[in-house]
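In: Following is a predicted model, sequence given first.
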Amino acid sequence: STMRTSAWCLLLFGALLCGLVAVLLPTGGLGSAGLTRRLLPAYLRVHRLVAEFSRQLFGRSNKEGFAEKNAQNSCLYFLFDDTQLQRNRHLSILGTVFDVSESAFYKPGGEYEQFTGRDASRNFATSDTGAESGSFSDNLDGLSGAQLADLFEWQRFYFSKYKCVGYSRGRFYHPSLLETDYLRGMKAAADAHLARKSQLAENFPPCDATTIDGKTVVYCNGALNLDPNNVMPNTRYPRIFYNKFDATSGCACVLRDMRSDGRVAVYEACSPDALQCTVLRPPPPRD
C-alpha cells in the first residue's frame, strides 16, 4: 500500500541519516561542538522514529538493544558524556542517568553525594562507598553473577524512585544509544545467575519454621505433626542445605530421592525419616 511504501521510504531515509550522524559525531566530522549539540537532538528523534517504524513494519521489537524505553520507566533521549554529569544532580548506574537532585541523600553533605556526577556501578555491586578507598569505577570485570544481579536490582530501584534523564556514553552505551556488547554480556551473566538460583529454589525450597518451648522447629509440607508413616511421593524432609552457589547454609525441604545429595545433611538428633526437626545449634561449617 501507499502508506507502507511511505513508511519504507522514511525508514530507509532515517536509517541513512542515523548512520551518517553516528559516524560523524564521535569523529568530529560535523565541524564544531556547537553544531554537534544542535544536530544531536534531531538525530535522536529520528533514531526513535526509525525504531518505531521498524516495529510496525516487521511486527517485532528492536532486538539490538536500542534504549528507547525501559520496562519500569521512560528515559529522556539525551546522551551524556563525563563532563555533563553534574555533581549533586546526576547519578549514572549501568550507563543509565537519573536526576537525584530532589533527594537529600545526594545534596552537598548528603550520605551518598559521592555517587553523583559519575558512573560508579562497580561500587554499587561491591557495596564500596568509596569512603576509605576513594575509588569509583564503572568497570564490572571480575564481578560474580550474584553481584551483577544485585547491581541490576539497584538499577530497577532507581527507575522506581527517580526520573531517568538519559544515557551515559562509554562503557555501556554507544553514541547511537545502542547498548554495548559489554552491557549485554553483563546482563547475560546476571540472567544466568538468576536462572540457576531459581532452579535451585525449585529443587530445594526453604523450610517453614516455628518456635516450640523456646526452640526453633523446622518442617516441610506446610504442616506440623504429620504422620511419617503416611507419606506421599512428593513429601519433603527438612535437611541442612549447604548452598555452594552463594556459600550459605540453611534449612531446605528435600524429596526422598534427593536425601543422599551431597549438599544436604541430617539435623543433629533428628531421624532421617522425620518430617520436622528441632534445631539444637547452628549448622556446622562445611568445606
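Out: Received the coordinates, thanks.
In: pLDDT at the residue nearest to Arg122 when sequence neighbours are not counted, what is it?
Out: Distance criterion Cβ to Cβ, 6 or more residues apart in numbering; nearest residue to Arg122, sequence neighbours excluded, is Ser137 at 4.4 Å. Every C-beta, even on glycine, is put in place using the N, C-alpha and C of the backbone. pLDDT for Ser137: 96.
In: burial measure for Gly109, as a count.
Out: Using other Cβ atoms under 10 Å, Gly109 has 7 other residues around it.
In: Please report how far it lies from Asn88.
Out: Separation of Gly109 from Asn88 (Cβ to Cβ, to the nearest Å): 10 Å.
In: Isn't the residue nearest to Arg122 up against Phe124?
Out: No. Applying Cβ atoms under 8 Å, one finds Ser137 not in contact with Phe124, separated by 10.6 Å.
In: Give me the more crowded residue out of the two.
Out: More crowded of Ser137 and Phe124, by other Cβ under 10 Å: Phe124, with 24 against 17.
In: what's the next secondary structure element after the helix or strand bottoming out on mean pLDDT in the chain?
Out: Every helix and strand in the chain was compared by mean pLDDT, DSSP states H and E; the lowest is helix 33-58, with a mean of 47. The element immediately downstream of helix 33-58 (helix or strand, assigned by DSSP states H and E) is strand 79-80.
In: Which strands and helices lie in contact with the host helix or strand of Gln199?
Out: Gln199 belongs to helix 181-203 when assigned by DSSP H and E. Counting contacts by 3 or more Cβ pairs under 8 Å, 6 or more residues apart in numbering; DSSP states H and E, helix 181-203 packs against helix 145-161.
In: quick one, the helix it packs on and helix 181-203 angle?
Out: 100 degrees (axes from the mean of the first three to the mean of the last three Cα atoms, to 10 degrees).
In: Dump helix 145-161 to CSV, restricted to CA.
Out: The C-alpha trace of helix 145-161 is given here as CSV (Å, rounded to 0.1, in the frame of the first residue of the first chain):
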residue,chain,number,x,y,z
GLY,A,145,26.8,-13.4,38.8
ALA,A,146,25.3,-12.6,42.2
GLN,A,147,26.9,-9.2,42.3
LEU,A,148,25.8,-8.4,38.8
ALA,A,149,22.2,-9.4,39.6
ASP,A,150,22.3,-7.2,42.7
LEU,A,151,23.5,-4.3,40.5
PHE,A,152,20.6,-4.6,38.1
GLU,A,153,18.3,-4.7,41.1
TRP,A,154,19.9,-1.4,42.2
GLN,A,155,19.1,0.0,38.7
ARG,A,156,15.5,-1.1,39.0
PHE,A,157,15.3,0.7,42.3
TYR,A,158,16.5,3.9,40.8
PHE,A,159,13.9,3.5,38.0
SER,A,160,11.2,3.2,40.6
LYS,A,161,12.3,6.3,42.6
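In: That helix: which residues count as buried?
Out: Applying a neighbour-count criterion of 16 or more other Cβ atoms under 10 Å, one finds 145-152, 155, 158-159 buried in helix 145-161.
In: what angle do the following helix or strand past that helix and helix 145-161 make?
Out: Following helix 145-161 in sequence order, the next helix or strand is strand 163-168 (DSSP H and E). Angle of strand 163-168 versus helix 145-161, following the same axes, to 10 degrees, is 130 degrees.
In: Could you please name the strands strand 163-168 pairs with and the direction of each pair?
Out: Applying DSSP bridges, strand 163-168 is found paired with strand 79-80 (parallel), strand 96-99 (antiparallel).
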